[in-house]
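Student: Fold the stuff below for me.
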Amino acid sequence: MDIEKVAGKSEISNILGMLSEATNSAVWLATGNAEIIEKVGEIRGTQKHKDTIATLSNSRIFTEECLPLRLDARNRALEEKCTIVYKNSMGFYAFTSPIFDSNGEFVGFLEGDFAKARELDEEYKSLISEKASKYGFPAQKLLDLLEDEKIQDKECMRATVNIAAESIKLYISLSASSGDFYTKLHNIGNGIRRIAKNIQVLGINAAIEAARLGEEGTGFAVVAGEIKKVGDYVFSQVDELEKLIADYKKES
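Tutor: Numbers count the residues shown, from 1 in each chain. Okay, here's the model as predicted:
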């Protein structure tokens, strides 16, 4: 199944909307042609996200810096079959995650831009202004967007993207259900559980680091708490999924 066939569905739009909110990013689905950048459907994000992406896409920085990095990330994501989160030359995160169906067939990419990776201090503003002058785009448009962004933890961002990718995979599997429908759902649920477990382990490690650093580890403690919340939420959603499957079995 091609990603274009599911991009317009309301369930997928909801997943993209939640991912955009969780990562402070503009997100979209893209076709599987790794040689070009071709988005599918509407970009999910704030109007500032959409306006800034449109502005940057029409400037030289897109073809000379953004495009090569995106293509490299796509190729690595396909080779390693995992989400690639990278920081671009202007100090914010972007990601690309390959989407596979229940048979392991590649169908497209889940991608996004503009999760801030560093504080917007004077040095950072100067860097953006230099880039704007070099590549011919209005620096203030990007600065206005980044003023509204929150700093993101790279690993927590990767985990959140993975959950969204698994959810899209689940939808694709439901849309193309066959005789082993329940087995596929069970396998997908187990996959999401593994992701949640990894998130919780990440939270434990952050909490340990916070305790080791004492007062200087306050930031780690906040991150640890947020990561634990994400893991707990994912586990609760898998439990809900299993209840729905059980109820569906009774009714069918």
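Student: Please count neighbours and contacts with C-alpha atoms only from this point.
Tutor: Fine.
Student: Now for residue 61: which residues touch it?
Tutor: When contacts are counted by Cα atoms under 8 Å, 6 or more residues apart in numbering, residue 61 touches 135-136.
Student: again but with residue 139, I slipped
Tutor: Residues near residue 139 by Cα under 8 Å, 6+ apart: 128-129, 132.
Student: With residue 160 instead?
Tutor: Going by Cα under 8 Å, 6+ apart, the list of residues near residue 160 reads 19, 22-23.
Student: so which of those is the most crowded?
Tutor: Ranked by neighbour count (other Cα atoms under 10 Å), the contacts of residue 160 have residue 23 at the top, with 26 neighbours.
Student: At which residues are the helices of the stretch 151-252 of the chain located?
Tutor: Ranges of helices in the stretch 151-252 of the chain, per DSSP state H, counting those that start in this stretch, are 154-175, 181-213, 218-251.
Student: Mind naming the longest strand for the protein?
Tutor: The longest strand of the chain (DSSP state E) is strand 106-116.
Student: Give me the residues contacting it.
Tutor: Contacts for strand 106-116 (Cα under 8 Å, 6+ apart): 1-3, 23-32, 49, 91-101, 146, 149-152, 165.
Student: now do stretch 120-128
Tutor: With Cα under 8 Å, 6+ apart as the criterion, stretch 120-128 contacts 90-91, 139, 143, 146-147.
Student: hmm, 10 Å instead?
Tutor: By Cα atoms under 10 Å, 6 or more residues apart in numbering, the surrounding residues in contact with stretch 120-128 are 89-91, 118-119, 129-132, 134, 138-140, 142-143, 146-147, 149-151.
Student: what do you get for stretch 46-60?
Tutor: 17, 20-21, 24-27, 42-44, 62-63, 66-67, 113-114, 132, 134-146, 148.
Student: where does the stretch 101-250 of the chain have low pLDDT?
Tutor: Scanning the stretch 101-250 of the chain for pLDDT under 70 picks out the ranges 175-188, 200, 202, 206, 209-210, 216-224, 228, 231, 237-238, 240-250.
Student: again, 90 this time
Tutor: 101-105, 116-119, 148-160, 162-250 (pLDDT under 90).
Student: Good, wrapping up.
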